[in-house]
Structure formats: C-alpha cells, structure tokens
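Colleague: Here is a sequence together with a model predicted from it:
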Amino acid sequence: MISIIVCTKRERAMQNVFENYERQQYEEKELIIVLNYDRMNINNWKKEADKYKNVSVFQLPQQTTLGECYNFAIPKARYPYIAKFDDDDYYSPYYLSEAARGFEESGAAVVGKSTVFIYYIGRAFLTIFNEGKEFVHIRGEKELYKKYLPGATLVFKKDIYPAISFEHINVGEDTMFLEACLKQGLPAYSTSRYNYVYLRYPQTTHHTSTFQEYKLFERSKPLCQTRNFQGMITSPVDDIFNKGEM
C-alpha cells in the first residue's frame, strides 16, 4: 500500500497531479497534496479531489520550505510506503507497481530511478540520462553521487521517519534525505529506466534546478524526436523484472 505525496506551488499543475494519480494501476493507493503558495485556491483543489478516491489536500504558508512540507505530509500518510511525486513530470500506469516490486526484490528502504528518460517539450525530443545505472544497489555515502536517485523518483518506507526526515530547505532536500539514509546504513535501490519521465519545459523560470538545459542535454543519450514519448517509456512490471537483470 503506497501513499503518494505531492507538494506544489503551481495552480496550473492541478490536472497533471490528478492525472498521474488516477493513471496508476496500483490499487492500494492514496494521494496527499500540500499546497505551498498563499494565492492558491485550496477549495478548487478540494473540489477536484472529490472526484477521486483517497485524496486529501492541505495548504501551508508559502514561507514553509519544501522539506518542511514533506515532513508535514509524511505523518498523515496511512500506508507503509511513501512515493514522492513531482507536480510537473510524467508517471506511467505501472510506476507504483514497479516501485513495489523493487522493494520486494531488493529489500531496500528506498527505491528510485538512477537512469531516467528526459523529454524536452520545446524540442519534442526524448533522451536517456545516466545510462547503465538500472537494477543496482546503493549502499554507503560513496555511492550516492555515482548512482544518485532523483527526488521525483523516491519511494521509501514510512517507518524510517522521523529518525530520518527532510531538511528545512527548498533545493537539495531530496539529496540530503537520501544521504541521511545511506549514513544510517539503509540500502537504496535503482529500478529500471521505464515508467517515469522527467519533463523539461521551455520556460526558463519553470525549473528550480540550477542545472542548465544545454548541459543536461549534452550529458544525455539522444533517442528520437517524438510527440508520443508515453508509448516509448512505458513497460509492464513483469516484462521489466523477467529480463534477468536482478
């Protein structure tokens, strides 16, 4: 059973947030949304939430850091596993199912994706980033930056909190969270490249990451220009884990 947490400052992200949740074929799920901007209309979000099962919406003052928002949401989760979704990326129908299988196969406390697809919306171009880091175990701080798990792909056991929590910062909170896990000897695991896409938007002010797009593109393997990346990055869980990669 998995609780999804989404923290957002974007009113325009509403449709994407709910679509990512509804799309998941994993049955035992819930969605916890934390609005982190004073001008956001929580009533609009609650009205939309009423259309779905097991969705709750909260709002915190905008001066609250992203890390604090996650720490606020974790105790409200009803389920033993927590998935951290970004509000502006794409999660395929099999995303949660793959994460659950990753825990089962690896015995890790944290699961994510070190190798990821990146889709550049302005260019309509799909790439693969950090190739060759699929189905790998991550143990110890020395491996953190070689096999880094992006925050948007983190799924972790709820019971590691509050011994391990998110720092009260807005950038890098996910890296420090994973680092704290590894310092405590908790193993992490990278699943496949499939079922998640990091979406890069053409608006220069959209992303909080300081990593410039051209550098990101240069470090990625080009795949193809396409308007239908969804079909290329989606794979059923059995197909992924039956390849003998484990």
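Modeller: That came through fine.

Colleague: wait, is Pro93 part of a strand?
Modeller: No - Pro93: not assigned to a strand; according to DSSP: H, G, I helix; E, B strand; the rest coil it is coil.

Colleague: Return the backbone torsion pair for it.
Modeller: Backbone torsions for Pro93, taken as degrees, to the nearest 10, come to phi -60, psi -20.

Colleague: I'd say it and Tyr21 touch.
Modeller: No - Pro93 lies out of contact with Tyr21 (C-beta atoms under 8 Å); the separation is 11.1 Å. Where C-beta positions appear, they are placed from N, C-alpha and C, glycine not excepted.

Colleague: Count the residues that sit near Ala49.
Modeller: Applying other C-beta atoms under 10 Å, we find 20 residues neighbouring Ala49.

Colleague: ah, wrong one, I meant Lys76
Modeller: 13.

Colleague: Give me the distance between it and Gly140.
Modeller: From Lys76 across to Gly140, the span is 32 Å (C-beta to C-beta, to the nearest Å).

Colleague: With Leu199 instead?
Modeller: For Leu199, the distance to Gly140 (C-beta to C-beta) stands at 31 Å.

Colleague: These two: who's more crowded?
Modeller: Each of Leu199 and Gly140 has its neighbours counted (other C-beta under 10 Å); Leu199 has more, 18 against 11.

Colleague: Show me the contact partners of the helix or strand encompassing the more buried one.
Modeller: Assessed by DSSP states H and E, Leu199 sits inside strand 196-200. Strand 196-200 is contacted from outside by 88-92, 95, 113, 116-122, 126, 129, 150, 152-153, 207, 213, 216, 229-230, 233, using C-beta atoms under 8 Å, 6 or more residues apart in numbering.

Colleague: Restricted to helices, list those.
Modeller: Among those, DSSP state H puts 95, 213, 216, 229-230, 233 in helices.
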